[in-house]
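> mind folding the following:
(chains A and B)
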Amino acid sequence: MKVIIVGGGRLGKQLANTISNSIIIESDRGKIPSLIQAYGSRRVIEGTGISEDTLRQAGIEEASAIVIATDSDHTNYIISVMAEKFNVPKVVVRVDDPDNVEVFHQIGIETVICPAIIAARMINSTLYPDAREVSEIHVFDDSPLKGKKVCEIAVPENAIVAALLRGHNLIKPAEDLVMEKGDHLIICSAGKIAPAAEDLISGGQEKLRPFDNILAVIRTKDDLDVVLNETLSLAGSFDIDLNVVSHVPELLQEGIERGRETGVSITPHEINSEGLGELGWICKNDLGHVKCVALSASLNGRSQRVESKELVRFIKHSKIPVLLCRGITSYNRIITIMGTENICERSANFALKIALLTGADLHVMNHRDPEDIEQTRMLEIKRMGKMYDIKVVEELVEGNPTIEFVSRVTSDHFDLAVINWDSFILKRDVLKRMFFESSMSVLVYTN
Amino acid sequence: MIEEYFSLLIIVLLAFITPLIFTRIGIPVVVGEILLGLTVGFIVWVYNSMTGHHLLLVGESVDFLATIGFIFLMFLSGLEIDFARLEGTGRKAIARGALILIGTMAIAYPLLGFVGQVSGLAMNAAYMTLVLSTTSVAIVLTVVREMKISKKPYGQQIIIAALIADMATMILITVYAISLQVIQTGDPVFGLLAAFLFLMIFLFFFVIYKVGSWAIWYYPEILKKFFRSDDPHEIGVRASLAIIFVFVALSAVIESEALAVLGAFLAGAVISLMFQEGAILEKKLYGIGYGFLVPLFFINIGISFDFDAIINMQALILLPSLLIITIAAKIAPSVLFASKRDPRRNLTTGVILTGGLSLMIAAAEIGLRLGILDSTLHGVLILVSIVFAILSPIAFKYMYRRFELEDTG
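Reported below is the predicted structural model:
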């Protein structure tokens, strides 16, 4: 049995010790002398595993197995593809980042070994040989766990914080370790954690809600189908308080009726005019705690220029997120865009929370400097997606973000776009078009 | 022609070594290019003075390329304008920037008039005021980015003030230069044509912007190619060059260099306004500009510098006078208007705003070609711009760090 080992690090050497005829490929010239000393020059090849010539030299065409164990997931990926090309019967790959495991599975590699996952499982089974459940808790920006020490978490009696994932690192949870936004706690329990205790740990499901209440604005009869139906669906699914305002008492009455039919309780408010100026005043003074305002995205004969100007003024002054509705009662695909600015993270946060509650696929267009390797937020989103079984698709934006975003939302079907008005990555005049000319609902907010 | 190739070789070699030398000693590369150009120009001048020869380093072809470099530089300055940030900063910051500029002009004008009278030099105080009021956005941006304050309110205030000074002085210089051309020709038809073209350039700006915004929504698939790094035909670069030369060609109708400069600046500004974030296209355009054409312009300024023009008593009086006037005219209004809260920071704002390199040189060139400035004033203005380009970033960094240290205790 001919075995090729790519990477002469600790794992590679351990394997070479146990597999007598194996061939080691190592690119680091400094390691070659010690490898030759240990295994002889016939078993050591200096070169990179991503070179076809080197692999041929090692005899990949006749090999019955290849173990790919360099310290770069990217390099391992390329070698895996090449090994598949050479039809090596058995391919075993070591992967550093747990999030990359799936990528290797997708290209047909069945045996993927991730030290972090193995370590976590071992810690779990060592600490709790009887553990029956492993729960994961994500620390959101607004989570009560943020800033707390591990010892301050009110973990149920039958459970323990087994590990903490921070970025790519698996951390042993020391008692005085302070939790940060984006941390991912792994809780092991001897039995099933009671839902009430789970809520206690995670800070309750309300932290997963993008907003606690919605104010639906009904200006015309059509708005009952467009705005009210969309917000009724949201309120019904997430247990969100629904307030409805209108300057027409009949519309308000019909709204209450529809709420009753769908089992959603509506709090009605009558206003004097359909303009957003009065609405802004009401939101601040009468209602005071409105978390999201839902409006119709159709113009109903009004001028787009005037409407968008009024809308932008409302968003800027009230600081309340606005949902421009198109009567979509079920969100299946949500899109957002993230850039290098920190404020863009909030878009991703909003979009993620809505996706978690609706079960929609989340498409995150990621516009980052190629040299910027700090991708923690994206990693967190993917991790949350996995945890809640949400499909998260990351799309890297190479060119102009506005054009790429427009191209994406006009060529493909999305139900909701989540956009930060204050972000500089999207052109505002194009955003205004998107508010009124696209076919999806748009959630727009300001900082 | 062969001699021109040699000239080009010397310039390209200088352009190559300048960043290697000057980035190490912390002097802006553009300043280094002028300084090296001046050194070569000085050697030639000494050689010519001693031997009586008329060795010329720069011929027509190099001069033409340098002019294209100048236009490209103005285009890149326009491209630097971040309209989204300008819009997001609010009216107060814009008003403060405008007040600083008006204050600068109000102080510089009488002082320049006084210096003109005392020195006995025929100096156009109004035009000189415009030249000294310019601020280089490129220098300001480089420095605030280096200091990592470009996104802080204080850094934003500085950028806005520089942007306003840059745009307003550019337009005013163009208007002034064209008006002078109209007066010089004495032809009312030419005047009407100039006014028509001036309006046409702004109309084009508006039309291109509107068409671009419309196209982004309706034809994103086509426009995507403009910003892709793997486009083999570099269609984005070609489109940008086409936009530049639409503006420049319009100005060529009345042979106005000032209008060409404004046109190139507006071409850059309209691309920035239209697409907002076009990092890859910008990098490609920077490659063409800062890799070849712009250094050619700056080195050419140094090489073609008229040393005879500044070796006289008038230049000796003018140089310190203009330095003092620029400092007073930029710092005093900054202290008064920049912000109510922190006068020390306002002082540092004034210091960084004194750096007016590229536009100051551009205005000096236009002034010389139109006969508004004589060669002595032109030479002194170039020296003034070099002095400030070197000193203002250094002084700003020193003062800012000191205040920061004092604040943090």
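> residue A:406 - how many residues pack around it?
Residue A:406 is flanked by 26 other residues according to other C-beta atoms under 10 Å in any protein chain shown. Bear in mind the C-beta positions are built from the backbone N, C-alpha and C, glycine included.
> pLDDT weak spots in chain A?
Low-confidence segments of chain A (pLDDT under 70): A:124-134, A:142, A:168, A:190-208, A:274-278, A:281, A:284-288, A:340-344, A:369-376.
> helix or strand right after the helix or strand residue B:282 falls within?
Take DSSP states H and E as the rule and residue B:282 turns out to sit in helix B:279-288. Downstream of helix B:279-288, the next assigned helix or strand under DSSP H and E is helix B:294-303.
> on that earlier part again, so for the helix holding residue B:282, mean pLDDT?
Here helix B:279-288 scores 82 as its mean pLDDT.
> now do that helix: everything it contacts.
Outside helix B:279-288, the residues within contact range by C-beta atoms under 8 Å, 6 or more residues apart in numbering or on different chains are A:369, A:398-400, B:72, B:75-76, B:79, B:226-229, B:234, B:236-237, B:240, B:271, B:275.
> in PyMOL, how would I select just the buried ones from these?
Buried residues within the contacts of helix B:279-288, by 16 or more other C-beta atoms under 10 Å in any protein chain shown, are selected in PyMOL with:
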select buried, (chain A and resi 398+399+400) or (chain B and resi 72+75+76+79+226+227+228+234+236+237+240+271+275)
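> just the buried residues of the helix holding residue B:282, please?
Buried residues in helix B:279-288, counting neighbours by 16+ other C-beta under 10 Å, are found at B:279-282, B:284-285, B:288.
> and those, which two are furthest apart?
Farthest-apart pair in the buried residues of helix B:279-288 is B:279 and B:288; separation 15.5 Å (C-beta to C-beta).
> residue A:320 in helix, strand or coil?
State at residue A:320, reduced to three classes by DSSP: H, G, I helix; E, B strand; the rest coil: coil.
> quick one, what contacts it?
For residue A:320, the contact set (C-beta under 8 Å, 6+ apart) comprises A:283, A:290-293, A:445.
> rerun at 10 Å
Residues in contact with residue A:320 (C-beta atoms under 10 Å, 6 or more residues apart in numbering or on different chains) are A:211, A:215, A:279-280, A:283-284, A:287, A:290-293, A:314, A:445-446.
> how about residue A:119?
Shown in contact with residue A:119 (C-beta under 10 Å, 6+ apart): A:163, A:170, A:172.
> point me to the helix or strand that includes residue A:164.
In this structure, residue A:164 sits in strand A:159-166 according to DSSP H and E.
> and for residue A:96?
Applying DSSP H and E as the criterion places residue A:96 outside every helix and strand.
> and the gap between it and residue A:14?
Residue A:96 sits 17 Å away from residue A:14, taking C-beta to C-beta, to the nearest Å as the criterion.
> more neighbours: the two, which one.
Shown here are residue A:96 and residue A:14; by other C-beta under 10 Å, residue A:96 has more neighbours (15 against 12).
> so who does the more buried one touch?
Neighbouring residues of residue A:96 by C-beta under 10 Å, 6+ apart: A:70-73, A:76, A:114-116, A:168.
> out of the residues you listed, which are inside strands?
Under the assignment DSSP state E, the contacts of residue A:96 contribute nothing to strands.
> where does the residue of chain A found nearest chain B sit: helix, strand or coil?
Shortest chain A-to-chain B distance, computed as C-beta to the nearest C-beta: residue-wise this is residue A:399, at 3.2 Å. Following three-state DSSP, the label given to residue A:399 is coil.
> my guess is it contacts residue B:223, does it?
Yes: Residue A:399 is within contact range of residue B:223, at 8.9 Å (criterion: C-beta atoms under 10 Å).
> show me whatever sits in contact with both of these two.
With C-beta under 10 Å, 6+ apart as the test, residue A:399 and residue B:223 both reach A:407, B:236, B:275.
> who's in contact with the first one?
For residue A:407, the residues meeting the contact criterion (C-beta under 10 Å, 6+ apart) are A:399-400, B:216, B:219-224.
> quick one: the helix or strand encompassing residue A:409 to chain centroid distance?
Residue A:409 belongs to helix A:401-411 when assigned by DSSP H and E. A distance of 20 Å separates the centroid of the chain from that of helix A:401-411, by C-alpha atoms, centre = their mean, to the nearest Å.
> now do stretch B:112-123
Distance of stretch B:112-123 from the chain centroid (C-alpha atoms, centre = their mean) equals 25 Å.
> touching that stretch from outside, list them.
Residues from elsewhere that reach stretch B:112-123 (C-beta under 10 Å, 6+ apart): B:124-129, B:131-132, B:313-318, B:321-322, B:324-325, B:329, B:372-374, B:376-377, B:380.
> return the set of buried residues in that stretch.
The neighbour-count criterion (16+ other C-beta under 10 Å) identifies B:112, B:115-116, B:119, B:121, B:123 as the buried residues of stretch B:112-123.
> and stretch A:318-327, by the same measure?
A:318, A:320-327.
> which residues touch whatever residue of the stretch 201-350 of chain B ends up closest to chain A?
In the stretch 201-350 of chain B, the residue found nearest to chain A is residue B:227; the distance is 3.2 Å by C-beta to the nearest C-beta. Going by C-beta under 10 Å, 6+ apart, residue B:227 touches A:397-404, B:235-236, B:275, B:277-282, B:284.
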